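J.: Got a predicted model here, sequence first, then my questions.
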Amino acid sequence: MPAMASYSVNPSAVERARRLIDARQYVLRSTWGDVQPRADDENAFLASHGWEDYAEWHLGLADGATEETKGRYAFVYGDFRRVHRMGLVACQYRAAEWRHKEVELAAHDLLQHLRRDERLTPRGDVEPDQGPAPPDDQIQSRTSGGSSPVSRV
């Protein structure tokens, strides 16, 4: 029986997810199977953004895999624009299923962070997100006065 791959948590992905949640760039309800990035989506994103940005959308790094290959990055949690709650749930479930405890706990912590943010979001003021997530240097947290709409699809 071949050895199961092992994964480490990708700290830059965790940080990006936290920044996006703080900037309210997330989707609370989606059908993850319909919005999860496909190979064509990944290739288009890589062509326009590069490996560093691509890596930040994956909570897991395959131990021993070659850098800048798709095989290096696992446990995608968003659609390359926003965090998807169901993407995080899928990451947590898959990591738990295959006993990748660090990745499981990272996904769990992000879900708790999202849950805290969701409690602060007035349900009557929510409008669907219109357009791409802002560049990292333009993301402002709620505490600094920034606000971005939250999608509920």
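T.: Great, that's in hand. Numbering: from 1, shown residues only.

J.: Quick one: list the elements packing against the helix or strand harbouring Leu110.
T.: Using DSSP states H and E, Leu110 maps to helix 101-120. Judged by 3 or more CB pairs under 8 Å, 6 or more residues apart in numbering; DSSP states H and E, the packing partners of helix 101-120 are strand 7-9, helix 11-22, strand 58-62, strand 73-76, helix 85-97. Backbone N, C-alpha and C define where each C-beta goes, glycine included.

J.: ok, now with 6 Å
T.: If contacts are counted by 3 or more CB pairs under 6 Å, 6 or more residues apart in numbering; DSSP states H and E, helix 101-120 sits against strand 7-9, helix 11-22, strand 58-62, helix 85-97.

J.: Just give me the neighbour total for Glu97.
T.: Residues near Glu97, counting by other CB atoms under 10 Å, number 9.

J.: among the helices and strands packed on helix 101-120, which is the most enclosed?
T.: Burial among these, expressed as mean neighbours by mean count of other CB atoms under 10 Å, is greatest for strand 58-62, which shows a mean of 24.

J.: CA-only coordinates of that strand in CSV, if you can.
T.: The C-alpha atoms that make up strand 58-62 are tabulated as CSV, following Å, rounded to 0.1, in the frame of the first residue of the first chain:
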residue,chain,number,x,y,z
HIS,A,58,-4.6,26.5,-0.1
LEU,A,59,-4.4,25.6,3.6
GLY,A,60,-2.2,22.6,3.1
LEU,A,61,1.4,22.2,1.7
ALA,A,62,2.3,18.7,0.6
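
J.: next one: it to chain centre, how far?
T.: Its chain's average C-alpha position is 11 Å from that of strand 58-62, according to CA atoms, centre = their mean, to the nearest Å.

J.: Kindly state the pLDDT recorded for Thr121?
T.: As predicted, Thr121 sits at a pLDDT of 62.

J.: no no, Glu118
T.: The model's pLDDT for Glu118 equals 79.

J.: Spatially nearest residue to it (excluding sequence neighbours)?
T.: What sits nearest to Glu118 in space, not counting adjacent residues and going by CB to CB, 6 or more residues apart in numbering, is Leu28, at 6.5 Å.
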